[in-house]
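In: generate coordinates for the sequence data below:
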Amino acid sequence: MPVKTPRKLFVNIPVKDLKTSMTFFEGLGFGFNPQFTDDTAACMVLSDDGYFMLLTEPKFRQFSKKQICDTRTHNEGLFAISVNSRAEVDQLVKKAVTTGGKHASDPMDEGFMYGWSFLDPDGHHWEVFWMDPAHVQKTG
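Out: Residues are numbered from 1 along each chain as shown. Have a look, this model is predicted:
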């Protein structure tokens, strides 16, 4: 069922070193909204409706009483982002690994969908995928 009123999504994740994280994601081609970026937080733009808030650990703790996930031993989530082609999947993951990230798993090829993943410098798990538009059914 389609959403009657589209919503924006802001995913908040803790980072140890905000400048390092920003440099890493800028190297992957992401930009930041300066209106919502300061020394404690950076608003990484995925699209007009999707954003990641990179928060220093002290800033993140202001929003949650729970412990911050130790990404060396646990996953707090899998962050999946789509790209426009299989080649772009490979390009983005390879760039992530050469600019400070690590491989998270081997490429996955389902024919109509192709994906690969990486860990960012803080250990957050990013899935990069392409899906053949001919296999996506329109809803509504």
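In: beta partners for the nearest residue in space to Ala41 that is not next to it in sequence?
Out: Distances taken as CB to CB, 6 or more residues apart in numbering put Leu55 closest to Ala41, at 5.0 Å, once the chain neighbours are dropped. (Glycine included, C-beta is placed from N, CA and C.) Beta-bridge pairing for Leu55 (DSSP bridges): Pro14, Ala41.
In: shouldn't Leu55 be in contact with Cys43?
Out: No: look at Leu55 against Cys43 with CB atoms under 8 Å: they stay out of range, at 10.1 Å.
In: for Arg61, see how far away the residue nearest to Ala41 is.
Out: 9 Å (CB to CB, to the nearest Å).
In: who has more neighbours, the two?
Out: Each of Leu55 and Arg61 has its neighbours counted (other CB atoms under 10 Å); Leu55 has more, 20 against 14.
In: let me see the domain layout of the protein.
Out: Domain assignment of the chain by automatic domain parsing yields the ranges 1-64, 69-140.
In: quick one: the shortest one to chain centroid distance?
Out: Read it as domain 1-64. 9 Å (CA atoms, centre = their mean, to the nearest Å).
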